[in-house]
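Enquirer: My questions concern the predicted model and sequence given below.
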Amino acid sequence: MSISVDKNKKLFTLQTKNTTYQMKVGRFDHLYHIYYGKKIEHQDLSYLLYNGPSHYVPYPHESKGRVGSLTLMSQEYPTVGSGDLGSVALDIKNHDGTRVVDLKYKNYEVIDGKYDLENLPSFFAKEDEAQTLKITLVDDVSGVEVELFYGVYAKYDVITRAARLSNLGDSSLSIQKIQSLVLDLISGQYDLVHFHGRWGSERNFERIPLSHNVTTFGSNYGVSSAKENPGFILLGKDTNEMHGDCYGFNLVYSGNFRATAEQGTLGQSRITLGLGDNQFTWKVEPGAMFESPEAIMSFSNDGLTQLSHNFHDIIRNNLCHSKYQKVARPVLVNNWEATYFDFNGKKLLQIARAAKNIGADLFVLDDGWFGNRFDDNRSLGDWFVNEKKLGCSLKDLVQKINNMGMEFGLWFEPEMVNEDSELYRHHPEWALNFPKRKALLDRNQLVLDLSQARVRQYLFDRIVDILDSANVSYIKWDMNRPITDWYSKNLSQSRQGELQHRYVLGLYKLLGRLTRRYPDVLFEGCSAGGARFDLGMLSYEPQIWTSDNTDPINRLGIQYGTSFFYPLSTMGSHVSASPNLQNGRVTPLSTRAAVAMAGTFGYELDVTELSDKEQQQAKEYTQFYKKIQKLTFSGDYYRLFSPFDNHNDLVAWQIVSKDKTKCLLSVVVTNVVANAPFVYLQLRGLDEDANYRVNDKVYSGAALMNAGLKLGRFKGNYPSEQLYFEKIE
Ligand code: GLA
């Protein structure tokens, strides 16, 4: 059993394979957090709780000796007005204008299997994979009830959390802030790792000390954003890839979010994560409820690699219902960087033929196939095939490509509209826009108001019409601007603060309908590259275009940062042209291929322009990738040399099958040095006692992991090496 409850002590203990999480109902019926960390069995840890007096902080008036201040206690779900003066989980404006909610323990329930959320995506579980603990808290004065959900996945060392608020009182109230996760750690000195970035440079790794200042990060972009990813890590000062304590947190959400990390006055640390509270309000009428997005957390005592494995395993198995989680993913050729908007049917077929020659399974037609879309100033919203440009119907084009032995995929950017479009001319009220003001533009486009059911219905109908007209087996779902102009003509003045979240709920509804209707279609997410790379999107789409930056050397950093939470099976990664179109860098095809193979492999260039020799090479890379895809999608990932470490002239990573019989090692040299010292690369995750054949030599696992693999010397521009090897029986 993962969940045990001591009814007398009101002590709740969650056990996973290697971790323990404990909480207790304390004095005055508040729910205290006691411990989260390495597994401790059969122990009431409540002796850890603070029991000293409070000085210059509020304490409950019944308390003798000034104890029990919520500011000093570690709590599960701190609230506004209750005496906690830190970053709270819940802030409510009551009908009478007061800002207070004081949650007291009511009851609990242990449920077999995993709880579900009504309107939001969440991790799922087969019955025996998870257990749920539900603790209900209530404020007797206002009638606010909060159910805290804990989904315990013992085998992954993962706990998910969500909060559901119900208004059991007589008057409406307004939520000002509601977080999915608060974690108070009683002691310890920590660093914080977060992943920040911008277009073309997503998820940069940054490690900073946790301080007494509140470190706040999140997104106001309307999407989870390239600026900050919702995934972040709290780790011990000495923690590294293979050793030490670390906690990972992430959110199953694709819109604005907010995370905080701070040290308390007595050495505690507090983490919060949840919906962005900038402009957020949500009115809850009597009898109504509101559910928070789901947060996920994991702890590893064996360093960051193990933490990543925990996230990778659960994301690969328990988040997305797509059949592509289990069947091979196609190698695709996308025409975007090959043609941009400048193509016709003939050109597409030429590229498709060359794509077939290099072994691709899927040809993807990117932007520019609809309406009057000859550049990025117009036609978004007009999802009607431009048959004139294609030279035939979509059905015929797809048929020709199918006849070549390839599947066909199509780009959409459903959430957007250009002013210069039929849709906008007919329905300007469907776009987000402040009254009497000109809307802010990005890439000349406005955002459609997905909180409106009729807008979603229009998009659903248009997409269905196209998907039913031709044999489309892949959709690239793009979204190319941050959301601003938060005003919906469909919402009353007092509910405008709900729009940011309602947008995301609308998006999920639309995606849910489409993915359920087309279970055989592979959906790939995209947002100007990787600006919406999050667990919410990954619950509908098994893969996301990691970045618009396809330079393999820049990609090393982007994919490295992404790998802390997200498995390789989620990362869209393609071989592009050299010189690279984003930064002009010249790199060998082999290096571009090696980097693209650390993801869902494909090509993003004009394949017809490859020389015969390059086409032959590309064909071999495709074949090789098909051989190793299963390994990369199901194996354990090891970051060996970081691109963010300035001392390294190379970046290296490794994927090892769970049974330790197969391994793919990839090395990319970012700085070629004459007469360089030899590199003895200590591999990881192998079987010490087994023998492996690497090239023509046999090494024991112990030798490869402790003495290291001696790399050869490298020459030229950004050379690389990929070594696939197996255990010798
Ligand atoms: C975005 C995407 C690209 C491409 C273009 C098309 O920038 O990230 O991959 O699809 O849009 O306009």
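Expert: Everything's here; your move. Numbering: from 1, shown residues only.
Enquirer: Checking my notes, residue 175 in a strand, right?
Expert: Yes: counting by DSSP: H, G, I helix; E, B strand; the rest coil, residue 175 is located in a strand.
Enquirer: measure it to the ligand for me?
Expert: From residue 175 across to the ligand, the span is 34 Å (C-beta to the nearest ligand atom, to the nearest Å). Where you see a C-beta, it was placed from the backbone N, CA and C, and this is true even at glycine.
Enquirer: Would you mind giving both backbone torsions of the closest residue to residue 430 other than its chain neighbours?
Expert: Sequence neighbours aside, residue 455 is the residue nearest to residue 430 in space, at 4.9 Å (criterion: C-beta to C-beta, 6 or more residues apart in numbering). Main-chain torsions, residue 455, degrees, to the nearest 10: phi -70, psi -40.
Enquirer: wouldn't residue 455 be in contact with residue 449 here?
Expert: Yes: counting by C-beta atoms under 8 Å, residue 455 does reach residue 449; the two are 5.6 Å apart.
Enquirer: Give me the more crowded residue out of these two.
Expert: residue 449 (28 against 25; other C-beta atoms under 10 Å).
Enquirer: Could you pull up the contacting residues of that one?
Expert: 430-432, 455, 488-490, 503 (C-beta atoms under 8 Å, 6 or more residues apart in numbering).
Enquirer: So which of these is the closest to the ligand?
Expert: residue 431 (18.7 Å; C-beta to the nearest ligand atom).
Enquirer: Give me the pLDDT value at the closest one.
Expert: At residue 431 the predicted local confidence, pLDDT, stands at 98.
Enquirer: which residue packs closest to it, ignoring adjacent ones?
Expert: In space, and not counting its chain neighbours, residue 431 is closest to residue 446: 4.1 Å by C-beta to C-beta, 6+ apart.
Enquirer: Could you do residue 185 as well?
Expert: residue 269 (4.5 Å).
Enquirer: And for that neighbour, the neighbour number?
Expert: Neighbours around residue 269, by other C-beta under 10 Å: 21.
Enquirer: tell me the phi and psi of it?
Expert: Backbone geometry at residue 269, expressed as degrees, to the nearest 10, gives phi -130, psi 140.
Enquirer: same deal with residue 604?
Expert: Dihedral angles (degrees, to the nearest 10) for residue 604: phi -130, psi 60.
Enquirer: repeat for the one 5 residues further on
Expert: For residue 609, the backbone dihedrals are phi -90, psi 0 (criterion: degrees, to the nearest 10).
Enquirer: give me every residue that touches it.
Expert: Residue 609 makes contact with residue 577 under the criterion C-beta under 8 Å, 6+ apart.
Enquirer: what's the distance between it and the ligand?
Expert: Distance from residue 609 to the ligand, counting by C-beta to the nearest ligand atom: 19 Å.
Enquirer: Now the residue nearest to residue 431: which helix or strand?
Expert: Here residue 446 sits within strand 445-447, counting by DSSP states H and E.
Enquirer: Counting neighbours, which of the contacts of residue 449 end up buried?
Expert: Among those, the ones that count as buried by 16 or more other C-beta atoms under 10 Å are 430-432, 455, 488, 490, 503.
Enquirer: Same list (these) but as a markdown table, adding secondary structure.
Expert: Formatted as a markdown table, these follow (three-state DSSP):
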| residue | secondary structure |
| --- | --- |
| 430 | helix |
| 431 | strand |
| 432 | coil |
| 455 | helix |
| 488 | coil |
| 490 | coil |
| 503 | helix |
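Enquirer: Give the burial count for the residue of the stretch 51-200 of the chain found nearest the ligand, as a bare number.
Expert: Nearest residue of the stretch 51-200 of the chain to the ligand, counting by C-beta to the nearest ligand atom: residue 199, 8.7 Å away. The tally of other residues near residue 199 (other C-beta under 10 Å) stands at 17.
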